[in-house]
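# Build me a model:
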Amino acid sequence: MEHREEFLALFRQQVNRPGADKLLDWLDTTDFFRAPASSRFHCACEGGLVQHSLNVYHVLVDHFYTEGENLESYTICALLHDLCKANFYKVSTRNVKNDATGQWEKVPFYQVEDAFPYGHGEKSVFLIERFMKLRTAEAVAIRWHMGGFDDAARGGSFAISAAYDAYPLAVKLHIADLEATYLYEKGTSSVPRR
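Numbers count the residues shown, from 1 in each chain. Coordinates of the predicted model:
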């Protein structure tokens with residue numbers, strides 16, 4: 001599994017924070033390295049979550065990191081921003097009509113089964129901080145990485161604007177997530193869109 005090895009290598013080389021090793025140990029008790037990144041939109045395939053995390057890392061570091069900045073912060077934010085999706089999806093089946101044969105067939109798909117409904121970015125922050133302390137800018141960036149897709153932002157919260165104004169890393173992570181999702185991961189889902 002090449003994505004898992006790349007993830008672990010980057011994390012171990014660039015994250016030296018107390019508790020980081022315990023977080024990696026915990027990841028191995030979850031489906032993080034096998035899970036999809038979404039139910040059908042991008043990287044909806046086995047290993048899609050780690051693939052997406054790496055794509056966000058490469059966009060964030062390649063486009064926004066400058067010498068002298070804290071590479072550890074960039075690495076933590078990119079690789080762990082969607083930690084909330086570990087143990088989040090389950091494989092189920094549904095009946096789909098095969099256009100070629102006209103027969104109905106059972107096909108697998110990913111279904112959300114959130115055992116800890118705590119929100120998206122805030123859940124990732126909570127899970128990370130069970131093992132290692134985040135800097136304020138990291139926590140804010142991970143919390144608001146969904147931008148306008150976040151339920152709080154859609155509901156009219158102004159906190160996202162204040163977060164982006166005060167913490168440039170939050171803006172950079174959001175843009176990297178968008179670029180990875182919509183430009184690099186197009187067509188990476190094993191589940192057809194309806």
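# need the helices for the protein, in chain order.
Taking DSSP state H to define them, one finds helices in the chain at 2-14, 20-27, 48-64, 71-80, 121-129, 136-143, 151-154, 159-166, 168-179.
# Would you confirm that residue 179 contacts residue 59?
Yes. Between residue 179 and residue 59 there is a contact at 4.9 Å, judged by CB atoms under 8 Å. In short, each C-beta sits where N, CA and C put it, glycine included.
# got a list of what the residue positioned nearest the centre of the chain touches?
Centroid-nearest residue in the chain: residue 82, 2.6 Å away (criterion: CA atoms, centre = their mean). If you count contacts by CB atoms under 8 Å, 6 or more residues apart in numbering, residue 82 has them with 37, 49, 52, 53, 124.
# Please apply the same query to residue 147.
Counted by CB under 8 Å, 6+ apart, residue 147 has contacts 153, 160, 174, 177, 178.
# how many other residues sit next to the second one?
Neighbour count of residue 160, defined by other CB atoms under 10 Å: 19.
# For it, give its distance to residue 152.
Computed as CB to CB, to the nearest Å, the residue 160 to residue 152 distance reads 7 Å.
# With the last one instead?
Shown here: residue 178 relative to residue 152, a distance of 18 Å by CB to CB.
# and what of the fourth one?
Spatial separation of residue 177 from residue 152 under the definition CB to CB is 16 Å.
# which of the two has more neighbours?
Using other CB under 10 Å as the criterion, residue 177 and residue 152 rank with residue 177 on top: 24 against 17.
# Which one of residue 179 and residue 59 is surrounded by more residues?
Between residue 179 and residue 59, counting by other CB under 10 Å, residue 59 is the more crowded of the two (22 against 18).
# Please read off the pLDDT at the closest residue in space to that one that isn't next to it in sequence from the model.
Leaving aside its chain neighbours, residue 59 sits nearest to residue 176 (4.1 Å; criterion: CB to CB, 6 or more residues apart in numbering). Here the pLDDT value assigned to residue 176 is 97.
# ok, back up a step: I'd like the helices of the chain laid out as TSV, including distance to residue 104.
Output for the helices of the chain, formatted as TSV (distance: least, CB to CB, whole Å):
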stretch	distance to residue 104
helix 2-14	34
helix 20-27	38
helix 48-64	27
helix 71-80	41
helix 121-129	37
helix 136-143	42
helix 151-154	35
helix 159-166	44
helix 168-179	37
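# closest one to residue 98 among those helices?
Smallest distance to residue 98 across the helices of the chain (CB to CB): 24.5 Å, for helix 48-64.
# So for the closest one, mean pLDDT?
If you average the pLDDT over helix 48-64, you get 97.
# for it, packing partners?
helix 2-14, helix 71-80, helix 168-179 (3 or more CB pairs under 8 Å, 6 or more residues apart in numbering; DSSP states H and E).
# okay, those in a markdown table with distance to residue 86 next?
A markdown table is the format used below for the helices and strands packed on helix 48-64 (distance: least, CB to CB, whole Å):
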| stretch | distance to residue 86 |
| --- | --- |
| helix 2-14 | 13 |
| helix 71-80 | 10 |
| helix 168-179 | 17 |
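# Fine by me, thanks again.
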